[in-house]
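Engineer: Requesting a structural model of the entry that follows:
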Amino acid sequence: MENRILIPTAENIGERLDRYISSELDAPRSQVQIWIDSGLVAVSGGLKPKNYRLREGDEIEVTIPDPVPEELIPQEIQLDIVYEDDDLLVVNKPKGMVVHPAVGNPDGTLVNALLAHCGGKLSDIGGKTRSGIVHRIDKDTSGLLIVAKNNEAHKNLAAQIKAHSFTRIYEAVVFGRLKNDSGTIDAPIGRNPVHRQKMAVILNGEGAAKHAVTHYEVLGRYDGYTHVRLRLETGRTHQIRVHMSYIGHPVAGDTVYYGGKQPKMLQGQCLHARTIGFNHPRDGRCMEFTSELPEYFTAFLNTLRAGD
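Structural biologist: Just a heads-up that it's a prediction; the model follows:
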């Protein structure tokens, strides 16, 4: 990575942040916006949205990530395909698999596997490195996600997500015993103003926080833990992990949003995208798919049950 410090001149005052950086670094504005949204741009030590207007005295620090190869290599990696037709696939992603190539993960991703499986017949709206990817789940989150084979399907499915008509139900084990049997967490999420690679609940209106709502239901209580079902009304980065940490019940195994002692048997968060539902982009059919809880999840639950 490369760090660049930019000091706007008087003639730059009032200019949009993304436009200014694009001009100064001769970088595509769309790429600059990705850097800003990813927390790689700081203005006088804090995070600002891409439409922030420059002020006198601003100092801009840009962390430029190493480039990801545009020519992606199809790789024969086994996929758990739950459903497939000419327009889309529903894939059950294992824990530990990265969804698309990025800095530090140039290959071995879901996209590399999809390129081999689909022969390159994937939507390209998100760019080559995100071929077919309509929505993402984290590396250490397992479960279902949908893949678009063409741009028409991609646009339709993305519109369903934006309209909150796209069903996404997760299961997790969280620290502590939740008091209420069900509830709703309605708290905006944005980049953590101090730790820029993390997300956080932002209540003071600073930065580019976005509306975020998570509904939860208790499935079981154990000694020091609770098994919960979670339904996303919105789909922000790390939403479940941030929201559960915010209410004092971080996801077990999540070392990013909980710095305390973790269960030894978990490698990463105990979080599974169990159910996905949508209307088929071609004919409007209502489709819903549910996956079984993976072995790491059921093994942890069995350990908790045995300890009760």
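Engineer: all helices for this structure, in order.
Structural biologist: Ranges of helices in the chain, per DSSP state H, are 17-25, 29-37, 110-118, 151-162, 239-246, 295-307.
Engineer: which one of those helices is the most hemmed in?
Structural biologist: Among the helices of the chain, the stretch with the highest mean neighbour count (mean count of other CB atoms under 10 Å) is helix 239-246, at a mean of 25. Where C-beta positions appear, they are placed from N, C-alpha and C, glycine not excepted.
Engineer: Need the CA coordinates for that helix. PDB is fine.
Structural biologist: In PDB, the C-alpha atoms belonging to helix 239-246 read as follows (Å, rounded to 0.1, in the frame of the first residue of the first chain):
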ATOM      1  CA  GLN A 239     -24.400  -5.200  10.000                       C
ATOM      2  CA  ILE A 240     -25.200  -8.200  12.200                       C
ATOM      3  CA  ARG A 241     -21.700  -8.200  13.800                       C
ATOM      4  CA  VAL A 242     -21.800  -4.400  14.500                       C
ATOM      5  CA  HIS A 243     -25.400  -4.400  15.800                       C
ATOM      6  CA  MET A 244     -25.000  -7.300  18.100                       C
ATOM      7  CA  SER A 245     -21.800  -5.800  19.500                       C
ATOM      8  CA  TYR A 246     -23.600  -2.500  19.900                       C
END
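Engineer: Let me see the mean pLDDT of that helix.
Structural biologist: Summarised as a single mean, pLDDT over helix 239-246 is 98.
Engineer: Give me the distance between it and the centre of its chain.
Structural biologist: 12 Å (CA atoms, centre = their mean, to the nearest Å).
Engineer: please renumber so the chain begins at 23
Structural biologist: OK, 23 is where the count begins now, so the last one is helix 261-268.
Engineer: packing partners for that helix?
Structural biologist: For helix 261-268, the packing partners by 3 or more CB pairs under 8 Å, 6 or more residues apart in numbering; DSSP states H and E come out as strand 189-197, strand 204-208, strand 211-213, strand 221-223, strand 235-244, strand 247-254.
Engineer: Measure how that helix sits relative to strand 247-254, angle-wise.
Structural biologist: Per axes from the mean of the first three to the mean of the last three CA atoms, to 10 degrees, the angle that helix 261-268 makes with strand 247-254 is 130 degrees.
Engineer: got the contact list for helix 261-268?
Structural biologist: If you take CB atoms under 8 Å, 6 or more residues apart in numbering as the criterion, helix 261-268 is touched by 160, 192, 194, 196, 207, 209, 211, 221-223, 234, 236, 238, 252, 254, 258, 272-273, 276, 278-280, 291, 293.
Engineer: And stretch 276-294, by the same measure?
Structural biologist: 117-118, 160-165, 192-195, 197, 220, 260, 262-264, 266-267, 272-275, 313, 315-316, 318-319, 321-322, 325.
Engineer: quick one: terminal-to-terminal distance for that stretch?
Structural biologist: 13 Å (CA to CA, to the nearest Å).
Engineer: Would you mark the buried spots in that stretch?
Structural biologist: Going by neighbour count (16 or more other CB atoms under 10 Å), the buried part of stretch 276-294 is 276, 278, 279, 280, 284, 285, 288, 290, 291, 292, 293, 294.
Engineer: on that earlier part again, any chance of the helices of the chain in a markdown table, plus distance to residue 299?
Structural biologist: Converted to a markdown table, the helices of the chain look like this (distance: least, CB to CB, whole Å):
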| stretch | distance to residue 299 |
| --- | --- |
| helix 39-47 | 35 |
| helix 51-59 | 27 |
| helix 132-140 | 20 |
| helix 173-184 | 10 |
| helix 261-268 | 17 |
| helix 317-329 | 21 |
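Engineer: Which among those is found nearest to residue 80?
Structural biologist: helix 39-47 (8.8 Å; CB to CB).
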